[in-house]
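Engineer: mind looking at a prediction? Sequence and model below.
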Amino acid sequence: MAEGEVDPREYSFFLRGGTVLDRSTQMAKPPFDWITQQTWDHITELEKQLPETFQNITSAVNLNPKEWHHWFSSNKPEPELA
């Protein structure tokens, strides 16, 4: 952060997560048992609050559930290859 390599908005989001204030406007949670409602709230808010970095992440999760589940379940997701 001190070196300017971390976006302060991204840092803030990752510390606090996302809170959905109105679920009537939220995309419906996909029927995958590994995604809780709270996790889906964070994903949808991530796309909403940081669209320049996480545009279409909700669609990506819906279209590639096996790959996302693998990443989500990984002990070390950071080095996972796309």
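Structural biologist: Received it, and whenever you're ready, just let me know what you need. Residues are numbered from 1 along each chain as shown.
Engineer: from now on I want contacts and neighbour counts done on CA atoms only, so please keep to that.
Structural biologist: Will do.
Engineer: secondary structure element for the one residue sitting closest to the centre of the chain, which one?
Structural biologist: For the chain, residue 43 is the residue whose C-alpha lies nearest the centre (Cα atoms, centre = their mean; 3.1 Å). Secondary-structure assignment from DSSP states H and E places residue 43 in helix 37-49.
Engineer: which phi and psi values does residue 6 adopt?
Structural biologist: phi -120, psi 130 (degrees, to the nearest 10).
Engineer: I'd like the distance between it and residue 18.
Structural biologist: 18 Å (Cα to Cα, to the nearest Å).
Engineer: same check, this time on residue 66
Structural biologist: Computed as Cα to Cα, the residue 66 to residue 18 distance reads 24 Å.
Engineer: next one: residue 63
Structural biologist: 22 Å.
Engineer: so for the two, which residue has more residues nearby?
Structural biologist: residue 18 (21 against 11; other Cα atoms under 10 Å).
Engineer: which residue is the nearest non-sequential neighbour of the more buried one?
Structural biologist: Counting by Cα to Cα, 6 or more residues apart in numbering, residue 18 lies nearest to residue 42, which is 4.7 Å off, once chain neighbours are set aside.
Engineer: give me the neighbour count for that neighbour.
Structural biologist: There are 19 residues near residue 42, going by other Cα under 10 Å.
Engineer: run through the residues that contact it.
Structural biologist: For residue 42, the contact set (Cα atoms under 8 Å, 6 or more residues apart in numbering) comprises 17-19.
Engineer: and with 10 Å instead?
Structural biologist: By Cα atoms under 10 Å, 6 or more residues apart in numbering, the contact list for residue 42 reads 13-14, 16-20, 36, 48.
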